[in-house]
Structure formats: structure tokens, C-alpha cells
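Participant: please find the sequence and the predicted model below.
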Amino acid sequence: MTTTHTELPSDRPTVDEPAVVVRDLRRNYGDFEAVKGISFDIRPGELFALLGTNGAGKTTTIETLEGFWRPTSGTVRVFGVDPYGQPPALRGRTGAVLQGNGLMEDLTVRESITLTHDLTAEPRDVDEILDLVDLGDKAGIAIRQLSGGQKRRLILAQSLIARPEVLYLDEPTTGMDPEARHTTWRIISELKSRGVAVLLTTHYLEEAERLADRLAIMHRGEIRVEGTLAGVLSTWGDRIGFLMPEEIGTDDLPAFPDSTVGVRTRDGRLWATYTVTGADVAERGHRVVAALVAWAAERDVVLRHLQVRGASLEDVFLQVAGATDLAAG
Ligand SMILES: Nc1ncnc2c1ncn2[C@@H]1O[C@H](COP(=O)(O)OP(=O)(O)OP(=O)(O)O)[C@@H](O)[C@H]1O
């Protein structure tokens, strides 16, 4: 999938210009190429989700945008400024929830927020920020007594004190229960609607489905898929799945033009999935179903749980991650 590349913004971007621009970014650790030439933009008020397998290069990308690493080659710009070394021009304009904790565990929640507040030019009010992340009732508690999910929210709170215009969220909801995750999604949506540009990495695909305006899936340092959720799914075709009849071996499954078949185990049972892609998916999918039913009737077998469905983000992710076939159901 191709990306629309624009010129790098000048030092004085207009509102319509991207807040974040990444062009052909490469980042090596010694001889190892962790990021192999990726490009994307994020505009104000937009959330871009960077998904991918473990070790794909997501954190390296965020840390480069945060200014911790200099690109091995290529360019990153935040409001037209090179972020390497966290220059004063970007101070307070970006915030981050990175992996790792970095909290002073003996302070109370309020003391911790107040400390950052007092070091920040034009900070948000301490109580406003506590309310925003739903930690008002924990203000007097020592950080070490917070749950893992509450600590993640406190880190989010710290990142919001300076009213950042760009937010980097590296797996922000890891360790959160479903309710805390929903609260965090609400906060992120609210920030987006206030015009904050957000770069999110997550292993929760539902999180990306709910929040992302655009998303990319990385694998081994490269962006393999990019676009809006609807755009990505529409190019990935339909799935026709059924429970493998016991009488039928994997090699006996028929082949059809314009479709691929895979078999995998789920819940201890074997499922077959035909993937139909390209133009006129619905019509060709219909023909595959008709042919399958005729094929089953000839052999006097039943295709249990026969169903047709569109691709899910999980299907796309698994395919990108190199899974040999796709889950039915
Ligand atoms: N400081 C480092 N020195 C050497 N190699 C590193 C370093 N940091 C990361 N790597 C390697 O670079 C690759 C990309 O790592 P990165 O943390 O960016 O991946 P990720 O997509 O964030 O993974 P995950 O989803 O597991 O958090 C990995 O193979 C990792 O082992």
C-alpha cells in the first residue's frame, strides 16, 4: 500500500500541515536494522496507530520522534523541528507515555503531579488533570499503592500537564482492566477532539479499531499495511469458513480461481477458510460458496458453521505477521 508523501513542513507550519512527519526513517542498533525506511504523517486532531509484531520497530520509531535517537538515515520532524535531543522549541509541545514506569513510588499521586506542574510553563491545573484521568479519589495515596493500570493513567496525567499538541502513547493501556481501558480511550478521544495529534502503539487491536483515524501494521522494521481501517479491510477480501468435515483430509479441499484456502486449529477443532480478494468480491465469494456446497453434496458431507464474513483487523495482522492461514469465525 502506498503512502501520500508531502514536502517537509517549514518551521512555521499552518494548521493544515502535519504535526509529525516521518520520511524514509531508518534506525540501526549497531549492524541491526530495527527500522527500515518508514514514512507517515500525523495531522493535528488525528490518531495514527502503529501496530505490529513484537520487535517490529514501533518503540524505536516513537523514541526517535521523542528525540532519544538520531535517525540512521531519513528524516523526522515535529512541527517542522528536528526532535533529536529534545530541543527547547518542542518543550511542552509534546508529551509521552512510554514503556517503563519512571514514577517516584514514595510520592503521593498529588505530590507527583504537583512536582511536574511546578516545573512546567503554563501547566494545566492539578485538580483538572486528576479529574481528566479519573484519579481524583487517589490523590492522597502513595504511588506504590496504585495498581498497574492506575500507574499507567498517572503517567498519562504527567504527560498532559504541559498541554501537549503531540502525544506519543506506547502501549498506554497495558495492564488495565476493561473499565480503565475504556476510561483511557475516552480521555484519548477527548484529547483528539481538542486537536492533539496522537501516535499510538498497541497490541490491542480493538483499541486501534476504536481510536485510529489511520493505522499502519509494521513487521520486521517495515510498514506492510497502511490506511484507514475501512480502506485496509476492503482490500483484504472476504472469508468463507467452515468446520472441516471429519471425513475430509486437508489435501482433499477443492481449489477455486481467485481464492486461497488455509486450515488451522481453533478450540481443538480444524477450520477451513477460503479467502476471496480482488474486484467483485461478493459475486466471486458467492460462486465459491455455491461450488463448495455442491462439492460437499457430492461427497455427502456437511459444512458445519459455514459462514461468509469480511476480513477483520486480526486477519490482516495475522497475515502480515506471517501466519500461514486465517482464523475462521
Ligand atoms: N537499545 C537497543 N539495542 C539493540 N537492539 C535494540 C534496542 N532496542 C530495541 N532493539 C531491537 O530493535 C528491534 C525493534 O525493537 P522495538 O522495541 O522498537 O520493537 P517494538 O515494535 O516496540 O516491539 P514490542 O511490540 O515487542 O514492544 C527489536 O529486534 C529489538 O530487539
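Facilitator: Yes, it's here. Predicted, not measured: the structure shown is a model, and the values here were computed from it.
Participant: residues of the stretch 1-150 of the chain that sit close to the ligand?
Facilitator: 29, 32, 34, 52, 54, 55, 56, 57, 58, 59, 60 (C-beta under 6 Å from any ligand atom). For every residue, glycine as well, the C-beta is placed using N, CA and C.
Participant: residue 25 is in contact with the third one, correct?
Facilitator: No. Contact status for residue 34 versus residue 25: not in contact, 10.3 Å apart, counting by C-beta atoms under 8 Å.
Participant: higher neighbour count, those two?
Facilitator: residue 25 (24 against 21; other C-beta atoms under 10 Å).
Participant: need the pLDDT of the more buried one.
Facilitator: The score at residue 25 is 98. That number is its pLDDT.
Participant: could you give the bridge partners of it?
Facilitator: residue 38 (DSSP bridges).
Participant: what sits against it?
Facilitator: Listed by C-beta atoms under 8 Å, 6 or more residues apart in numbering, the contact set of residue 25 reads 35, 37, 38, 39, 61, 64, 71, 73, 74, 75, 76.
Participant: at 10 Å what do you get?
Facilitator: Neighbouring residues of residue 25 by C-beta atoms under 10 Å, 6 or more residues apart in numbering: 35-40, 57, 60-61, 64-65, 69, 71-76, 221.
Participant: in helices only, show me these.
Facilitator: Assigned to helices by DSSP state H, the following of those qualify: 60, 61, 64, 65.
Participant: so which bits of stretch 72-90 are buried?
Facilitator: 72, 74, 76, 77, 78, 79, 80, 81, 83, 90 (16 or more other C-beta atoms under 10 Å).
Participant: so which of these are in strands?
Facilitator: Of the buried residues of stretch 72-90, the ones assigned to strands by DSSP state E are 74, 76, 77, 78.
Participant: just the buried members of the contacts of residue 25?
Facilitator: Buried among the contacts of residue 25 (16+ other C-beta under 10 Å): 35-40, 57, 60-61, 64-65, 69, 71-72, 74, 76, 221.
Participant: one step back: the ligand: which of the ones in helices among the contacts of residue 25 is nearest?
Facilitator: Nearest to the ligand among those: residue 60, at 3.3 Å, using C-beta to the nearest ligand atom.
Participant: report the angle between the helix or strand containing residue 28 and helix 58-66.
Facilitator: Using DSSP states H and E, residue 28 sits within strand 20-29. Computed by axes from the mean of the first three to the mean of the last three C-alpha atoms, to 10 degrees, the angle separating strand 20-29 from helix 58-66 equals 120 degrees.
Participant: and strand 20-29, how far out from the chain's middle?
Facilitator: 18 Å (C-alpha atoms, centre = their mean, to the nearest Å).
Participant: just the pLDDT for residue 321.
Facilitator: pLDDT, read off for residue 321, is 85.
Participant: distance between the ends of stretch 230-249?
Facilitator: Its start and end residues considered, stretch 230-249 measures 35 Å (C-alpha to C-alpha, to the nearest Å).
Participant: check stretch 80-95 too.
Facilitator: Stretch 80-95: ends 17 Å apart by C-alpha to C-alpha.
Participant: just the helices in the stretch 201-329 of the chain please.
Facilitator: 205-211, 229-234, 281-299, 313-320 (DSSP state H, counting those that start in this stretch).
Participant: which of those helices sits closest to residue 181?
Facilitator: helix 205-211 (7.3 Å; C-beta to C-beta).
Participant: summarise which helices and strands that closest one is packed against.
Facilitator: Packing contacts for helix 205-211, counted by 3 or more C-beta pairs under 10 Å, 6 or more residues apart in numbering; DSSP states H and E, involve strand 47-52, helix 178-193, strand 197-201, strand 214-219, helix 229-234, helix 313-320.
Participant: are any of the residues of the stretch 1-150 of the chain next to the ligand buried, and which?
Facilitator: For those, buried by 16+ other C-beta under 10 Å: 34, 52, 56, 57, 58, 59, 60.
Participant: how close does the first one get to residue 166?
Facilitator: Looking back up the chat, that one is residue 34. 22 Å (C-beta to C-beta, to the nearest Å).
Participant: any idea what residue 222 is bridged to?
Facilitator: residue 219.
Participant: any chance of the ones in strands among the buried residues of stretch 72-90 in CSV with pLDDT and distance to residue 253 as columns?
Facilitator: Listed next are these as CSV, based on pLDDT from 0 to 100; distance: C-beta to C-beta, whole Å:
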residue, pLDDT, distance to residue 253
74, 98, 45
76, 97, 47
77, 97, 51
78, 97, 51
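Participant: and these as CSV, adding distance to residue 198?
Facilitator: Formatted as CSV, those follow (distance: C-beta to C-beta, whole Å):
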residue, distance to residue 198
74, 22
76, 16
77, 17
78, 13
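Participant: which residues touch residue 59?
Facilitator: 34, 50, 66, 98, 99, 168, 170, 171, 201.
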